[in-house]
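> sequence and computational prediction follow.
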Amino acid sequence: ATHETPWGAYAATAAVYDDIVVYAEQERIVARNLTNGNLLWNFSDIDFPYSTFAYTAPAISNGRVWINSESSTGFQSAYTYALNLTTGELIWKLQFPDTMSQYSSYPIPTQMVNAPAISDGMVYWSSTTGQIGKILAVNESNGTQILWEYNLSDYEHVNLGSVTLYNEKLIAEIYTNPGW
């Protein structure tokens, strides 16, 4: 079965588990039956109406879908969500913290959050906030607080991909762009 998203090129990579495919559209997450394309569920955050999911890929682990959103206005920090894989029901969500920069006297919202990596009960993300990149970790079962975060130096960002886990190591490609 095929299904074309209304946003075309803006859609990020889909995640597949058994007979379920999960993908992001502009303002919602969609799950479909992989065989026949039937809609299983969709999720939108009515409390965060200016969110967009279109630039981050979902990840699936332990019966949950993990996905991040960012503000389409740029004035509110991004969220990360844990959804039930079979029902789309929200398990928890966490708002990423604003970041202070040496170049600004006010907090900068976290705007770009990349796809998560999941291992041993931990969920890891990279994000970009203004001119600052960071890597964050939360507990998979209770993501209501950030367990640790690593702030990169000003103008350092995790390259527009995700963090990767290999041999119990967290790997991220970091680049510097002082022209921003």
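Right, received. Where do you want to start? Only a predicted model underlies this, so the values are computations on that prediction, with no experimental measurement involved.
> can you list the buried residues in whatever helix or strand Leu40 lives in?
Assigned by DSSP states H and E, Leu40 falls within strand 39-43. Burial within strand 39-43, assessed by neighbour count using 16 or more other C-beta atoms under 10 Å, is assigned to Leu40, Trp41, Phe43. Glycine gets a C-beta too; all of them are placed from N, C-alpha and C.
> can you give me the end-to-end span of stretch 31-39?
The first and final residues of stretch 31-39 sit 6 Å from each other (C-alpha to C-alpha, to the nearest Å).
> just the buried positions in it, please.
Along stretch 31-39, the positions that meet the burial threshold by neighbour count (16+ other C-beta under 10 Å) are Ala31, Arg32, Leu34.
> for that stretch, what does the pLDDT average out to?
Mean pLDDT, stretch 31-39: 94.
> which residues touch it?
Here stretch 31-39 makes contact (C-beta atoms under 8 Å, 6 or more residues apart in numbering) with 1-3, 16, 18-22, 30, 40-42, 65, 85, 88.
> which one of those is nearest Gly133?
Comparing these against Gly133 with C-beta to C-beta picks out Val65 as the nearest, at 24.6 Å.
> helix or strand for the closest one, which one?
Counting by DSSP H and E, Val65 is part of strand 64-71.
> parallel or antiparallel, which strands does the helix or strand following that strand pair with?
Tracing the chain past strand 64-71, the next element assigned as helix or strand by DSSP H and E is strand 79-84. Here strand 79-84 has these sheet partners by DSSP bridges: strand 64-71 (antiparallel), strand 90-95 (antiparallel).
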